[in-house]
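> below are the sequence and a predicted model for it; my questions follow.
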Amino acid sequence: MANEAKIIIRADSADAVRNIENVTDSTKKMESGIGGAASKIKTHFLAISAAIAGAMVTVHQAWALAERAAAFEEQMASLDALAAKYNVSARQIVSSVEEASRGLISMADAASVSAKALMMGMKPDQLVEFMRVVEATTNVTGA
């Protein structure tokens, strides 16, 4: 008589099948979510690109304005140093030049012209008078 051993395993595979189905469902949901996001990005790519380009242009313009403002302030500081000899400030000279020219030149141009004139030896009151003459001549000639 031979010794014989039998092992009988009985298992209920219903839980395993149910868990595999849950994993499959979760994977399908994840795929559709990712696919939906990718689809939305493709759909709105042009709008997103335009928004980024607009932001870049705005930043570029802001930087250019900041550079111009810094250059103007530097110019005013130089003009202040030149104007100190006459006991006036750069702001006073620029305001007088702008007023005398009746808007023919901007503040930046007024500062530049004033600095050049003072470096050439003109006095602030001579510069203001010169700007009045320029403005009057422009009115006569129409230039």
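Arrived safely, thanks for sending.
> which secondary structure element of the protein has the lowest mean pLDDT?
Least confident helix or strand of the chain, by mean pLDDT, DSSP states H and E, is helix 14-43 with a mean of 75.
> gap between it and the chain center?
Using Cα atoms, centre = their mean, to the nearest Å, we find the averaged C-alpha position of helix 14-43 to lie 42 Å away from the chain's own average C-alpha position.
> tell me what that helix is packed against?
The elements that helix 14-43 packs onto, with contact taken as 3 or more Cβ pairs under 8 Å, 6 or more residues apart in numbering; DSSP states H and E, do not include any helix or strand. Every residue, glycine included, has its C-beta placed from N, CA and C.
> quick check: buried residues in it?
Within helix 14-43, no residue is scored as buried using 16 or more other Cβ atoms under 10 Å.
> quick one: contacts for Gln75?
For Gln75, the residues meeting the contact criterion (Cβ atoms under 8 Å, 6 or more residues apart in numbering) are Ala108, Ala111, Ser112, Ala115.
> please redo it, this time with the cut-off set to 7 Å
With contact set as Cβ atoms under 7 Å, 6 or more residues apart in numbering, Gln75 has these partners: Ala111, Ser112, Ala115.
> and for whichever strand or helix holds Val133, what are the contacting residues?
Applying DSSP states H and E as the criterion places Val133 in helix 124-141. Contacts of helix 124-141 with the rest of the structure, by Cβ under 7 Å, 6+ apart, involve Ala83, Tyr86, Val88, Ile93, Ser96, Val97, Ala100, Ser101, Arg102, Leu104, Ser114, Ala117.
> number of residues surrounding the last one?
When you say that, I think you mean Ala117. Residue crowding around Ala117 was assessed by other Cβ atoms under 10 Å; the count is 20.
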